[in-house]
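Enquirer: Structure, please.
(chains A and B)
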Amino acid sequence: MAGRPFDPELYLRRAGELAVLDSLDDHQVREDAELVQTAASLVTVGALSEERAQEIVDEYTLALSLRGSGHFGLTWRRSIRPPRGAPEALDAPTVRSCRDPVDPSPGAPQVLYAAFYPDSTSVAITVEQTASRGTRHSPPASLGGLGNALTITDDQGTSRPALFAGHGNGSRFTGQLRTQGPLSASTAWIELDGDRTELADTVEPPPVAIEKLAERSPAVDYLWGCLSVGRHGFPVPTYGSHVLDAAIRTMVDAGALDPEAPELDRLRAVERAMAGEGEWDALPEPWASLMTGRSRHDGPSGIVPFGIVTSVDGTHISIEALRFHEGTMETHVVVSPDITHLWGPFSMQVRQSPIRWWAEDDRGNAYLGGPGSWGGGGTRGEGTIRYWPSLYPDATMLHLMPTGNRERAVITVELPTWSERR
Amino acid sequence: MRPPWWQDFPPVEVAVECSGTRHRLRWDAGVLGAPDHADPEGERVLAAIGGARCACIDFLDRWARLADDLRVLTLASRGPGDQVGPSDEYEQLKQAFTSGGMPGAARAFPRRLPRRRAPQPGARHLFRSVAPASTASYSSSVAFTTGGPRRELDSLPGADYLEILSLDADLWVRLVETVLGTWAERVDDGDTAVQRARAALVAALYGRVTASLRDWTGDESLNVSVDMIDPNASPALVRTSDGLHAQLPFRWLSDVWARQWAVVLGRFSLCQIEGTDDKRRVLTINQDLKDIRPVTVSIAASSS
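Expert: Residues are numbered from 1 along each chain as shown, chains lettered A, B, ... in the order given. Predicted structure coming up:
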């Protein structure tokens, strides 16, 4: 094929052929990831349309499923997924925490906060239980069990059924109960199947600013996205250097990237650091800060409710609150259009998530978020963004910065004095 | 005169459940037929105006849709070490459709599937696909209604391909040979469709040449590049700084690879030179890539 003009479709198909040939080895995950990266890179530099690239990836995904890859279910689920809807404006929720949180009895849901939307109410809850009473995939009976609804009632006498979505590890489940239909945002309390929780007053939403970003080439933007988009969950990334190499190689071969570009050295240095290799004090910011705190796992516990809505590069984002628990820091977000289907591991999706979930505190420490759980369909999706490392205890302000290619939102959240909170 | 692409491939006959009884589908001389249906076209007309559809005719239609579909080559085996079969996920999902209920999509899928292993040395049917044991039945347009919108079996991704693969492994191989033969003739004839399909054609050649060369050299990570040359150009295999470079026509797939002659007497086959009813001569090259000579292959008489 030497000497012929670059043929992007053949280039992608050749990556597919190599994925098939290696499918009997233990390199399967690596080859799958490289195939998707090759496709996404060709799309990024305009060599191939997203639709055509996805068709070819789908062909090879089906081929891999015939060789025991386990991909058929992914292909089928995507085939029955509702078509991607146009983005719709989201409403900022009114978020209220609990007035006097108390430790619930084991197995009973503890309300963390309630977020009131015009068309629904989302109640963040957690359930602690002994490990023997639940499994990772089986929420406790106090949440209604799989597919069953709890009833949530407000002080106006309105009752709504609510379904649970979340995650757990056998001893602790965290997630959201969401009603179909609204409850009163000014209610003094809510009841979950008769258990009442008093709600605190509404807090003022934090300020949100939109900042334009310096223009970079789509290729370079994409490569940094490979490291920070958090597609593969927490911590990110876990694909390894071959994924970044596949993207770089594709763009260079397509003539869209200078193989001697100094940016590539910085990218590779960050990638090595993320893999636990190399020095990280010489990395560009915010990576150096991020890696400095990489091994931090302790941190405060508590809830910081706020409720905002913003928009980044055309993706509407609604965030309810910050949740801290024994070193974890996460937010529950609603997005439109639904980009959550791009968050799953091994999704074989050519389209990449357009948002990177950066954050920074007032001490200059950086944080990076990745998807913890997700779901959706149609015009909107929702899920959990988990940040790492854990929050520095001396931080008094946190800037959540959902970042696109052209702009980012900066949401400035005032943090409480942790000793005063649970 | 070049023999037709289907010569040397023995007939395949499979049984299907059709209209409440067992019928035959028979592939012979490059054509799939339904010998238990005297007038397939008439039955199609009747079905179009509201008559009952039957599995045999549906299957013929499915075959006709795929006979020149290059996606068949994407799915099919690349060689002896690459066995394919309908995924367990597909079979379970199909079973869920057939049984009329979907208790939950997640339950239809095992968390992890065993990989298909390469066959042991000396195993028979090197290019055969792996079909499940209970595949001698076929049911078209199965629907389910529980747990979601009504769905047809054909709504499963790749159902056209997977139904043939599920029905009979030998018939699937004949489909692969049909696609290879059809496109080899189109390339020879300079068909205008070839240019549009060039990437898929070259990829099909690349994957199978690479698999064959890796098998031949015993180097599983051998770097291979492939040029698809014109039908009348001279084939070649040369060493490069990081592997091997092959220059082969698309016809190599139907003339050589499909007949399992990629490696003959320890030598790599570059092309088929000539043939009679019971013999073929293939041009071969040895491992040091210096000695090129023809080898004669005798064809065993086929039987139905």
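Enquirer: CA atoms for contacts and neighbours, from now on please.
Expert: Fine.
Enquirer: Next, the contact list for B:G243, please.
Expert: B:L222, B:N223, B:V224, B:S225 (Cα atoms under 8 Å, 6 or more residues apart in numbering or on different chains).
Enquirer: Repeat the analysis, applying 7 Å as the threshold.
Expert: B:L222, B:N223, B:V224 (Cα atoms under 7 Å, 6 or more residues apart in numbering or on different chains).
Enquirer: same question, A:S228
Expert: Per Cα under 7 Å, 6+ apart, neighbours of A:S228: A:R356.
Enquirer: if I look at it, how far off is B:R44?
Expert: According to Cα to Cα, to the nearest Å, A:S228 stands 56 Å off from B:R44.
Enquirer: avg pLDDT for stretch A:16-30?
Expert: Stretch A:16-30 shows a mean pLDDT of 76.
Enquirer: swap that for stretch B:170-185, please
Expert: Stretch B:170-185 shows a mean pLDDT of 96.
Enquirer: what's the answer for stretch A:311-326, then?
Expert: Mean per-residue pLDDT for stretch A:311-326: 93.
Enquirer: Tell me which residues are up against that stretch.
Expert: A:87, A:89-90, A:92-93, A:95, A:115, A:298-310, A:329-337, A:403-404, A:406-409.
Enquirer: In it, which residues are buried?
Expert: Buried positions in stretch A:311-326, judged by neighbour count with 16 or more other Cα atoms under 10 Å in any protein chain shown: A:S311, A:V312, A:T315, A:H316, A:I317, A:S318, A:I319, A:E320, A:A321, A:L322, A:R323, A:F324.
Enquirer: and A:P182, what does it touch?
Expert: A:P182 sits next to A:Y117, A:P118, A:D119, A:S120, A:T121 when contact means Cα under 7 Å, 6+ apart.
Enquirer: okay, now the residue nearest to A:Q37 when sequence neighbours are not counted: neighbour count?
Expert: Closest residue to A:Q37 apart from its sequence neighbours, by Cα to Cα, 6 or more residues apart in numbering or on different chains: A:A247 at 5.6 Å. Residues lying near A:A247 (other Cα atoms under 10 Å in any protein chain shown) number 25.
Enquirer: sorry, back to before: now a PyMOL select for only the buried ones of the contacts of stretch A:311-326.
Expert: If you want just the buried ones from the contacts of stretch A:311-326 in PyMOL, going by 16+ other Cα under 10 Å, the selection is:
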select buried, chain A and resi 87+89+90+92+93+95+115+299+300+301+302+303+304+305+306+307+308+309+310+329+330+331+332+333+334+335+336+337+403+404+407+408+409
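Enquirer: In strands, which of the contacts of stretch A:311-326 appear?
Expert: Per DSSP state E, strands hold the following members of the contacts of stretch A:311-326: A:95, A:115, A:302-310, A:329-336, A:403, A:407-409.
Enquirer: what is the rounded mean pLDDT of stretch A:338-355?
Expert: For stretch A:338-355, the per-residue pLDDT averages 75.
Enquirer: Look at the closest residue to A:A409 other than its chain neighbours and say how many residues are nearby.
Expert: Nearest residue to A:A409 in three dimensions, chain neighbours excluded: A:I210, at 4.5 Å (Cα to Cα, 6+ apart). As a burial measure, A:I210 scores 16 neighbours (other Cα under 10 Å).
Enquirer: And B:S19, by the same measure?
Expert: By other Cα under 10 Å, neighbour count at B:S19 equals 13.
Enquirer: and it, what is it in contact with?
Expert: By Cα under 7 Å, 6+ apart, B:S19 lies in contact with B:C54.
Enquirer: Which pLDDT value does the model give it?
Expert: pLDDT for B:S19: 85.
Enquirer: any idea which residue sits dead centre in the chain?
Expert: Using chain A here. The geometric centre of chain A, computed from its C-alpha atoms, lies nearest to A:P371 (Cα atoms, centre = their mean), at 2.5 Å.
Enquirer: try again with chain B
Expert: Nearest to the geometric centre of chain B sits B:V176, at 2.3 Å (Cα atoms, centre = their mean).
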